[in-house]
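**Q** give me a model of this one.
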Amino acid sequence: MEAHRHTSLEICAGAGAQALGLERAGFDPIMLMDTKEHACRTVRLNRRRWDVRCIDLLDFDPAEHPQTYDVDLLSGGLPRVKSAAAVRRPEDTAERGLLKAAIWLLTAVRPKALLLENVADLVESDDFADDRSWIEDELTHAGYRPFWKVLNAADFDVPQIRRSGFLVALAAPYHGAFAWPEPSGRPAPTVGETLGPSMAVGGWPGAQRWAEHADRPAPALVGGSDRRGGADLGPTGSKKAWASLGVNGNSLGDDFPPADFPIGGLPRLNVRQAAMIQSIPEDWVFFGGKTSVYRQIGHAMPPPLATAVGHAIAATLHS
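**A** Down below sits the predicted model:
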């Protein structure tokens, strides 16, 4: 007998990595939405049966889409919010507006469960205390119980130290049985283990030596903002961390290292290798140029982490 499947509504879906992970946990989206055309086309390329809408959450009216009412799960990986102290420009407030819109959407569509992913500071930092208080007040008033947690993707077999803040909220009678997923207990894969074979496909004789040196998980990939330049591996601190692993983080490569690449050189990652660091499967196709694709990858939630949290929510809904 096929296991019971659940329905979901995905907001800020990006390239679909979180939806892919939730699909593995038993959630089938009745609709996904994002504002980025390239991200929407990526999801459509991989799951033609999914209903993908390239629209702004702030413009979405569930009354025009009655199929979204009473879904089992409302989920989303929202753009990274900044603390009030860090806001410098008017556009810096857009992310907080989406966070509030997600909570308001919950009160309209009334799912059994909510899953939102964002920065770890949203869960841990005193700078976000007012945000957490507002969210908890809104959820409690709507009849939901919130659960906050920071999870590290490296604890769930992802080759990357990536700490994310999660909010799960459950309606009665489900919230009494919820428990966060436990780490796998296995060491995280190293960058060398993950990327070593790909570094050798072009005949680079230094690939094995490189893989042996890249003997720990990666730093968190940084997707970057549409308001800044091309694709690279993040700010100075991130690039230094990548350099210590033998990777040139100043830009992205177009291919794998060729046979004449210096044995002791620092190769650049290409976008497929960046996807491997996120544990996005090789057959997941991306639409767009290098910078667009890298941003889709860098902003994604690693699917194994989404699967782990999804299983925890599904187990609660089954209880």
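
**Q** going along the chain, name the helices of the protein.
**A** Ranges of helices within the chain are 17-24, 37-46, 94-109, 121-124, 129-141, 191-199, 207-213, 236-244, 271-277, 290-298, 303-318, based on DSSP state H.

**Q** for the stretch 1-150 of the chain, which residues score under the pLDDT cut-off?
**A** Along the stretch 1-150 of the chain, segments meeting pLDDT under 70 span 1-2, 84-92.

**Q** need the nearest residue in space to residue 201, chain neighbours excluded.
**A** Spatial nearest neighbour of residue 201, excluding adjacent residues (CB to CB, 6 or more residues apart in numbering): residue 256 at 5.1 Å. Any C-beta I mention is one placed from the backbone N, CA and C, and that applies to glycine too.

**Q** out of the helices of the chain, which is closest to residue 174?
**A** Smallest distance to residue 174 across the helices of the chain (CB to CB): 5.1 Å, for helix 303-318.

**Q** and that closest one, what does it pack onto?
**A** helix 17-24, strand 113-119, strand 144-152, strand 163-171 (3 or more CB pairs under 8 Å, 6 or more residues apart in numbering; DSSP states H and E).

**Q** dump those to JSON lines, plus mean neighbour count.
**A** What follows is the helices and strands packed on helix 303-318, written out as JSON lines (neighbours: other CB atoms under 10 Å):
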{"stretch": "helix 17-24", "mean neighbour count": "24"}
{"stretch": "strand 113-119", "mean neighbour count": "23"}
{"stretch": "strand 144-152", "mean neighbour count": "18"}
{"stretch": "strand 163-171", "mean neighbour count": "22"}
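
**Q** possible to save the ones you listed as TSV with distance to residue 240?
**A** Formatted as TSV, these follow (distance: least, CB to CB, whole Å):
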stretch	distance to residue 240
helix 17-24	26
strand 113-119	21
strand 144-152	20
strand 163-171	19
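
**Q** looking at these, which is closest to residue 187?
**A** Residue 187 sits nearest to strand 144-152 of all those, at 12.7 Å, using CB to CB.

**Q** which residues sit against that closest one?
**A** The contact list for strand 144-152 (CB atoms under 8 Å, 6 or more residues apart in numbering) reads 106, 114, 120, 123-124, 132, 135-136, 139-140, 161-172, 175, 178, 180-181, 183, 305, 308-309.

**Q** one more time with 6 Å, if that's ok
**A** Here strand 144-152 makes contact (CB atoms under 6 Å, 6 or more residues apart in numbering) with 120, 123, 136, 139, 163, 165-171, 175, 180.

**Q** closest one to residue 157 out of those, please.
**A** Once CB to CB is applied, the member of the contacts of strand 144-152 that ends up nearest residue 157 is residue 163, at 15.6 Å.

**Q** shaky segments in the stretch 201-319 of the chain?
**A** Across the stretch 201-319 of the chain (using pLDDT under 70), the flagged ranges come out as 224-230.

**Q** if we can go back for a sec, of all the helices of the chain, which lies closest to residue 70?
**A** With CB to CB, the closest approach to residue 70 among the helices of the chain belongs to helix 94-109: 7.1 Å.

**Q** burial measure for the nearest residue to residue 288 once chain neighbours are set aside, as a count.
**A** Using CB to CB, 6+ apart and skipping the chain neighbours, the partner closest in space to residue 288 is residue 38 (3.8 Å). Using other CB atoms under 10 Å, residue 38 has 18 neighbouring residues.

**Q** I'm done for today, thanks for sticking with me.
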